[in-house]
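> sequence-free structure coming up:
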């Protein structure tokens, strides 16, 4: 659909919403409202996933205890950000080390536009610092991978008519 077609359909749906019997068929009304929002997002260049929740995984990479400590620092940073944005956090999986760091951790973040705001965090993060775990206090480089994926809502069950199946 081009921009003109999208706007035409938006106008049609908004017109239908003004009808007194719009809520007579609740399921159809909700489908139209969802379609309207998706069309508005498409018109504005917003990915449909951007407005939903996200799953974030932090994996400690090269750097041993320092990398696992860095994973903990990243987690604390993202938790503080989520708190400031009034997002909800659920811990899905965590693998801690003996020094209170994380080998890996996975969290679910819920709220408005979570994925859109956090998708840019995906990638390898690097920390260069004087290591508290090195007796010689030498500079140490650590790496962590942050992966952010959209939380995909359950879609309606797909029904495939038996006539469309070909079994060999």
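Received it, and whenever you're ready, just let me know what you need. On a predicted model such as this, the values are computed, not experimentally measured, just so you know.

> Can you pull the phi and psi angles for the most centrally placed residue in the chain?
When C-alpha atoms, centre = their mean is applied to the chain, the residue found nearest the centroid is residue 54 (2.2 Å). Phi and psi for residue 54, reported as degrees, to the nearest 10, are phi -150, psi 160.

> Could you pull up the residues touching it?
108-109, 114-115, 118-119, 148-151 (C-beta atoms under 8 Å, 6 or more residues apart in numbering). Just so you know, the C-beta spots here come from the backbone N, C-alpha and C atoms, and that holds for glycine as well.

> Contacts for the biggest helix by length in the chain next, please.
The residue-count maximum for a helix in the chain (DSSP state H) belongs to helix 64-84. Outside helix 64-84, the residues that touch it by C-beta under 8 Å, 6+ apart are 56, 58-61, 63, 88-89, 97, 99-105, 107, 109, 111, 118, 121, 125, 127, 129, 131-133, 140, 142-144, 146.

> now with 7 Å?
When contacts are defined by C-beta atoms under 7 Å, 6 or more residues apart in numbering, helix 64-84 is touched by residues 56, 58, 60-61, 63, 89, 97, 99-103, 105, 109, 125, 127, 131, 133, 140, 142-144, 146.

> Just the buried ones from these, in PyMOL syntax?
This is how PyMOL selects the buried members of those, with burial counted by 16 or more other C-beta atoms under 10 Å:
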select buried, resi 56+58+60+61+63+89+97+101+102+105+109+125+127+131+140+142+143+144+146
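
> Just to be sure, residue 59 is in a strand?
Yes: assessed with DSSP: H, G, I helix; E, B strand; the rest coil, residue 59 lies in a strand.

> what ranges do the strands span in the chain?
All strands of the chain, identified by DSSP state E, fall at 54-60, 88-96, 102-110, 123-130, 139-150.
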